[in-house]
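# With the sequence up front, the predicted model follows.
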4 protein chains.
Amino acid sequence: MAEAGEDARGDWLGPERLLAFSDGVVAIALTLLVLPLAELVPEAGEPGTSGLSILTDNLAAIGSFVLSFAVIARFWAAHHRVFDRARQVSHTLVAVNTAWLFTIVVLPFPTEMIGSFPEDPFTLRFYVGTLFASSALLSVTAVLVRRTLPRDDAQGLRNTAAGGTAVLLLLVLVVTLVAPGLGYWPLLLLFLTSPLERVLGPLVERRLARPPSD
Amino acid sequence: MAEAGEDARGDWLGPERLLAFSDGVVAIALTLLVLPLAELVPEAGEPGTSGLSILTDNLAAIGSFVLSFAVIARFWAAHHRVFDRARQVSHTLVAVNTAWLFTIVVLPFPTEMIGSFPEDPFTLRFYVGTLFASSALLSVTAVLVRRTLPRDDAQGLRNTAAGGTAVLLLLVLVVTLVAPGLGYWPLLLLFLTSPLERVLGPLVERRLARPPSD
Amino acid sequence: MAEAGEDARGDWLGPERLLAFSDGVVAIALTLLVLPLAELVPEAGEPGTSGLSILTDNLAAIGSFVLSFAVIARFWAAHHRVFDRARQVSHTLVAVNTAWLFTIVVLPFPTEMIGSFPEDPFTLRFYVGTLFASSALLSVTAVLVRRTLPRDDAQGLRNTAAGGTAVLLLLVLVVTLVAPGLGYWPLLLLFLTSPLERVLGPLVERRLARPPSD
Amino acid sequence: MAEAGEDARGDWLGPERLLAFSDGVVAIALTLLVLPLAELVPEAGEPGTSGLSILTDNLAAIGSFVLSFAVIARFWAAHHRVFDRARQVSHTLVAVNTAWLFTIVVLPFPTEMIGSFPEDPFTLRFYVGTLFASSALLSVTAVLVRRTLPRDDAQGLRNTAAGGTAVLLLLVLVVTLVAPGLGYWPLLLLFLTSPLERVLGPLVERRLARPPSD
C-alpha cells in the first residue's frame, strides 16, 4: 500500500470505482442521519406523548437533521461537478478524497450532538469545524482534479464553487469563536453562496488559469 | 455551488452518478426499514415472550414495514422508468431529485411512528403527507426529464405513472383530514392505480404531448 | 406505475440499474447483520464481563450471524450468475426481483431472533421459511431471465443452481415441522449442494432445454 | 450454486458486479463505524455532561473509530489497485473475495469492543487477528487476480502491497501474544509500510515473476 512517490511513476487509476465508492459512502451517511430521529420514537406509545409531540419536543434534532441533509447533498453535488471531467485519479487524490469521506462519515456524530446540546458552544464549533474541513478538502480535491485536465477542460471546470463555500465556512467558524450566541443561524449564509460566487468566481478563475502547470 | 441560472449556460451533467447516488440512498432507506423490527427482539429471551409473540404483538410495526417497503420499491421502479431515456441532467433536476431523496430518507421516521402510535391521526397524516410529497416531486422530475428529450423519446415516456400516484395520494391525504378513522386502508388504493392509469394515461399524454416546448 | 400488460407492449428496461439497486440492497442487508453483535457490547466494561465472555455468552447470535452472512453471500453469487447474460428486464422481472429483495431485507430480523430464542421452533421455521422463499423467488427469476435469452445463451445459463437450493430448503423446512429438535443443523446441507447439482444439473438442464419456447 | 471445478469449465464472470458489490459492502462497513459514537450521545443533555466531555470521556472509542476508518480505507484502496486490471473473475476468486468481505463486515464488532475494553488482551488480539485475516485474504486475492492476467499486465501489478501489510500484521499479532501491554501502538507501523515495500517489493516481484505458469 505504498502511496508516496507513485504519481511520478505514472501509476494512475480510473475514476469509476473511486466515484462509486464515494457515492456509496455519502449515500449511507445521508441516510443514517434519520436514525437518531427514529430512536426518538418510544417503543410503545407512552402516556402523555403523541406523534405530534415527538416532533415539537425535538425541534433541535429535526433542525440539525434537515441542515446536515442539505449540506451533505450540496457537498455531493459539488463533488459530482468537480469530478465530472476527471479521467484518471492519482494516489494523492485518492488520499485527499478519503480524508473528505472521513468528514462526511463523522458528520452524523456532531449532528446528533446538536439534538442533545443545542446551546453548547463546543458542539457548535465541532459541527461548523467539520463542515469547514469537508469543504476545504473538497477545494483541494478540485485543484488536484483540475491539474489532471487538459487546459481547455480545466477552464470549463468552475471549481471555485467549493472554494467559495470553504471561505464562507471559515468565516462562520470564526463567528462561532467570537460570538457563539448566534448559534447555527450564520450557516444559512451557505444557501446564499451563489451570488458571492458569481462575483468572485471569474476573478479566482482567471488567477488559477494563469499557472496551469504542476 | 452556484445552482441558479446554470441551465441557461448549458452546464449539464451526465445522469450516471445521479442515478447511482439515488439508487444507493433508496436501497439504504429500504433496508433500514427493518431496523425497528430488529429492535423489537429482546436481548435475551424474556420470560413470557416467544418468537411468535414478537410478531403478533407488533402487527402495526410489521404492517408499516411491509407497506413502506412496497411503496419505496414502487417509487424506485417509477424513478427507474422516468430516467430510462434521460441523457443529461440540469442542476434544477439535481435539486428536485435531492428533494425527492429527502422524502425517501425521512420515510423510515413516520414508518416507525406508526408502530408506536397506530391510531394517532397526526402520525397518519405525517405518513401520507410524506408519501404525497414524494410522488409529487417524482412527477415534477418526470416533467423535467421529458423536457430534455427529443420529441420522439418524450412520447415514449409514460410519465403519467408518477402523476396518477400523486393525485391518488392527494386524495388519500384529504381523506385522512376528514375521516381519519379509516386509518391506513385507503392507501391500498395505491395498488389499484394500474387500471386508473390505463384510462387516464392516454388523455394526459395527449395533453402533455401538445406543448413540448420549454 | 402500471405494471400489468406492459411486457406485451415491449416496454423493457436495461438491467444495469436493477442490478446496481439489488447489489446495494444485498450489500446493506449483509452489513447490517453485524449490528446486533455490536449491540451486545456494553457501553462501559461492566464488572464480571470481558471481551472474550461477550463471544462465549452469545454463541447463538454469532452462529446466526455467520450463517446468514454465508447464505446471503451465496444468494448474491447466484443472483449474479442468473443475470450475467440478461440484456433487458421486463416489469414482471422487476416485480419478482423486488419480492426477492424483500426476503433479503427481512432476513436480519429472524437472524436476530435466533440469538434471543435459539431453541424456539417458531423462530427456526420463520428463518428457514424466509430462506426458502428467497431461493424459490430466485429460481423464478432464473426462469424469467432464461426466457429473455436467445436459445444458445439460455443453454449456457446453469440456472438449476438456484432451483436445487430451493428444493433443498423446502426439504429442510419440512424437517423443521416434523423434527424441530434437529435445530439449524440440517441447513449445513446447503454447503453440500454442489455434488447434488453436478448429478441433477445435467438431467434438469436437458429437460429445460427441450421446450425452450414460452 | 456449484463452485467447485467450474474454473476448469471456463465459467468466468465479468468483474463489474463483484466490484460494485464489494464497494457497497466496504462503504457501508466504513460508515457504520460512526454508529457507536452516535450512541454515546445521551438522548437529552444529562446534568454534568457537555459536548466536549462526550469526546474526552470516550477517547478509546474515538481512537478505535479513526484507526478502523483508516485501515478499511487503506484496504479498499489496495483492493482497488489489485482489481484494476482484472477482466474476469473465477468462482474461486468470488469465494475468496466473499471471505475478505466477511472480515470487513466483522470489523465494526471488535472496533466497538475496544471502546468498552480498551485494556483487554483478548479484544486486542481479536482486533489485530481480524486485520491480519483481512490482509491475508487480500494477498490471496492479489495472487489469484495476477494469475488471470497476461504476463505483461501481471508484471505491472504491484500486488506486493497487500502482502507486505499481511506480513506486518502477522508480526503485530505475535507481539500482542508476547507483549499485550504495548496495546494498539504497534499498529501505527501500518502507516510506515511504504518504505518497507519500496525495499522488499522489487525482490518479491522478481521472485513472483519467475514462475508465472499455473
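Now that the structure is in, tell me what you want to look at.

# Enumerate the residues of chain A near chain C.
Residues of chain A found near chain C (C-beta under 8 Å from any C-beta of the partner chain) are A:24, A:28. Placement of C-beta: from N, CA and C, glycine included.

# Specify which residues of chain A, grouped into ranges, have pLDDT under the cut-off.
A:1-11, A:43-48, A:151-162, A:193-214 (pLDDT under 70).

# What segments of chain A are helices?
Per DSSP state H, chain A carries helices over the ranges A:16-32, A:35-40, A:51-56, A:59-82, A:91-106, A:108-116, A:121-148, A:151-156, A:160-178, A:193-209.

# Would you mind saying which of those lies nearest residue D:42?
Closest to residue D:42 of these, according to C-beta to C-beta: helix A:108-116, at 5.7 Å.

# Any residue of the closest one touching chain D?
Yes - using C-beta under 8 Å from any C-beta, helix A:108-116 reaches chain D at A:108, A:109, A:112, A:113, A:115, A:116.

# In that helix, which residues are buried?
Neighbour-count burial for helix A:108-116, with 16 or more other C-beta atoms under 10 Å in any protein chain shown as criterion, is recorded at A:108, A:109, A:110, A:111, A:112, A:113, A:114, A:115, A:116.

# Tabulate these (TSV), appending distance to residue B:85.
Formatted as TSV, the buried residues of helix A:108-116 follow (distance: C-beta to C-beta, whole Å):
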residue	distance to residue B:85
A:108	36
A:109	41
A:110	41
A:111	37
A:112	41
A:113	44
A:114	42
A:115	42
A:116	47
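
# Nearest to chain B among those?
Distance ranking of the buried residues of helix A:108-116 against chain B, using C-beta to the nearest C-beta, places residue A:108 first at 12.2 Å.

# Looks like the closest one contacts residue D:33 (just checking).
No - counting by C-beta atoms under 8 Å, residue A:108 stays clear of residue D:33, with 10.8 Å between them.

# Would you mind naming what in chain A lies close to chain D?
Proximity of chain A to chain D, by C-beta under 8 Å from any C-beta, involves residues A:1-5, A:11, A:13-14, A:17-18, A:20-21, A:24-25, A:28-29, A:32, A:35-36, A:39-40, A:91, A:94, A:98, A:101-102, A:105-106, A:108-109, A:112-113, A:115-117, A:120, A:122-123, A:126.

# Got a quick ChimeraX command for the buried subset of these?
Buried residues within those, by 16+ other C-beta under 10 Å, are selected in ChimeraX with:
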select /A:1,2,3,11,13,17,18,20,21,24,25,28,29,32,35,36,39,40,91,94,98,101,102,105,106,108,109,112,113,115,116,117,120,122,123,126
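
# My guess is residue A:124 contacts residue A:184. True?
Yes - applying C-beta under 8 Å as the test, residue A:124 and residue A:184 come out as touching, 6.8 Å apart.

# And these two? Which one has more around it.
Shown here are residue A:124 and residue A:184; by other C-beta atoms under 10 Å in any protein chain shown, residue A:124 has more neighbours (28 against 18).

# now the more buried one, nearest residue through space, not along the chain?
residue A:176 (5.1 Å; C-beta to C-beta, 6 or more residues apart in numbering or on different chains).

# Then residue A:131?
Residue A:131's closest residue in space is residue A:169 (C-beta to C-beta, 6+ apart), at 5.2 Å.

# Kindly report the same for residue A:175.
Going by C-beta to C-beta, 6+ apart, residue A:175 has residue A:186 as its nearest residue, at 5.1 Å.

# Repeat that for residue A:26.
Nearest to residue A:26 is residue A:76, by C-beta to C-beta, 6+ apart, at 4.9 Å.

# How many residues are close by residue A:85?
So residue A:85, with other C-beta under 10 Å, has 17 neighbours.

# Residue A:143 versus that one, what's the distance?
Computed as C-beta to C-beta, to the nearest Å, the residue A:85 to residue A:143 distance reads 14 Å.

# Next: residue A:91.
In terms of C-beta to C-beta, residue A:91 sits 16 Å off from residue A:143.

# what do you get for residue A:39?
40 Å.

# do the same with residue A:137
Distance from residue A:137 to residue A:143, by C-beta to C-beta: 11 Å.

# From residue A:49, how far out is residue A:41?
Distance from residue A:41 to residue A:49, by C-beta to C-beta: 9 Å.

# Please say which of the two ends up with more neighbours.
Under the criterion of other C-beta under 10 Å, the comparison of residue A:41 against residue A:49 puts residue A:41 first, with 22 against 15.

# contacting residues around the more buried one?
A:54, B:36, B:109, B:112, B:113, B:115, B:116 (C-beta atoms under 8 Å, 6 or more residues apart in numbering or on different chains).
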